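Enquirer: I need the structure of the sequence given here:
(one chain, ligands or ions: 1)
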Amino acid sequence: MSQATILDTIVTHKRQEIASRRELVPTKLLETSLYFNSQPLSLRKYLLREGGSGLIAEFKRKSPSKGWINQYAPVERTTLGYMQAGAAALSVLTDTEFFGGKNEDLTTARRFNFCPILRKDFVVDEYQILEAKSIGADAVLLIAAVLTPQEIDSLGRLARSLGLEVLLEVHDGEELARSINADAVNLIGVNNRNLHDFSLSLDTSMALAEAIPNEFVKVSESGISTAAAIGQLREVGFRGFLLGEAFMRHARPERACAALVQEIAALPKIESVVA
Ligand SMILES: O=P(O)(O)OC[C@@H](O)[C@@H](O)c1c[nH]c2ccccc12
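Expert: Okay, here's the model as predicted:
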């Protein structure tokens, strides 16, 4: 199945899910969550921290392209381990049907961690932004491929009004050009995974780097596994690196993360590479 098709399938399923979730937990109830009044952490700041790894370490059990990646790693040990290893931030998949995650994974990660947490899901409705806030997320992902510019604007502004940061994901220059919106978005992520055949190429990030204005923190997503790749991406201006499978395919994902953080520390300092 091509990813254009899988995205449609996921979004259709998501809309049904939201409808039933809304009945169970209406917006008013979400707003009574303890997290609703708490101040989120800034993903931007943590990614730009001097001497930091820039890693956004993802907790991902499975995916449509890979099937099961890791069914057994516990969310507590893994996410706390990621943070101890030196990840700048966490990403937690909350989609159940396609990625094997759940909202409770994020809430669990929240209880064990004090770094920013990105809620990774397919956001198509304002309800999900309020939900992200209620479960303790600091940032949300908006995927340009499934949203109109108007939707990006309204969803992003709502998130910003709650103090959440917004990572906008794009796949190509056309998506970037039509979706870019400094009032609704703080960070821009380039997904290296091809929409049609699931193939991965860091060239996608390399090619788009320059087209992303510097007011956005640039994040490269998917298919990254080496410090050498991160070094190259840094040179063209990326400051965030979202890795899932490279960690999760190990029985102890946090150890793989620690090893990579060590290698990143040996890379040339950012000041010297961005002349
Ligand atoms: O496991 P990888 O190849 O390191 O990729 C991580 C992350 O980029 C990927 O999970 C992802 C990027 N954008 C998404 C949108 C929805 C779900 C998942 C994703």
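Enquirer: CA only for contacts and neighbour counts going forward, please
Expert: Noted.
Enquirer: how about residues contacting the helix ranked longest in the chain?
Expert: Longest helix in the chain by number of residues, with DSSP state H as the criterion: helix 3-24. Outside helix 3-24, the residues within contact range by CA atoms under 8 Å, 6 or more residues apart in numbering are 64, 98, 122, 124, 127-128, 146, 194-198.
Enquirer: just name the closest of those residues to the ligand, please.
Expert: Closest approach to the ligand among the contacts of helix 3-24 (CA to the nearest ligand atom): Phe122, at 6.3 Å.
Enquirer: neighbours of Ser91, how many?
Expert: By other CA atoms under 10 Å, the residues close to Ser91 number 27.
Enquirer: same deal with the one 3 residues further on?
Expert: For Thr94, the neighbour count with other CA under 10 Å is 22.
Enquirer: which residues touch it?
Expert: 100-103, 105-106, 119-121.
Enquirer: can you check Pro116 too?
Expert: Here Pro116 is in contact with 40-43, 46, 88-90, 137-139 (criterion: CA under 8 Å, 6+ apart).
Enquirer: rerun that using 10 Å as the cut-off
Expert: By CA atoms under 10 Å, 6 or more residues apart in numbering, the residues touching Pro116 are 40-47, 56, 83, 88-91, 110, 136-139, 165.
Enquirer: follow-up on the earlier one: keep only the contacts of Thr94 that also lie close to the ligand.
Expert: Counting by CA under 6 Å from any ligand atom, Asp121 from those sit close to the ligand.
Enquirer: and the contacts of Thr94, which are buried?
Expert: Burial by neighbour count, 16 or more other CA atoms under 10 Å: within the contacts of Thr94 this picks out 100-101, 103, 105-106, 119-121.
Enquirer: quick one: those residues as JSON lines, columns for secondary structure and pLDDT too.
Expert: What follows is those, written out as JSON lines (DSSP: H, G, I helix; E, B strand; the rest coil; pLDDT from 0 to 100):
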{"residue": "Gly100", "secondary structure": "coil", "pLDDT": "98"}
{"residue": "Gly101", "secondary structure": "coil", "pLDDT": "98"}
{"residue": "Asn103", "secondary structure": "helix", "pLDDT": "98"}
{"residue": "Asp105", "secondary structure": "helix", "pLDDT": "98"}
{"residue": "Leu106", "secondary structure": "helix", "pLDDT": "98"}
{"residue": "Arg119", "secondary structure": "strand", "pLDDT": "98"}
{"residue": "Lys120", "secondary structure": "strand", "pLDDT": "98"}
{"residue": "Asp121", "secondary structure": "coil", "pLDDT": "98"}
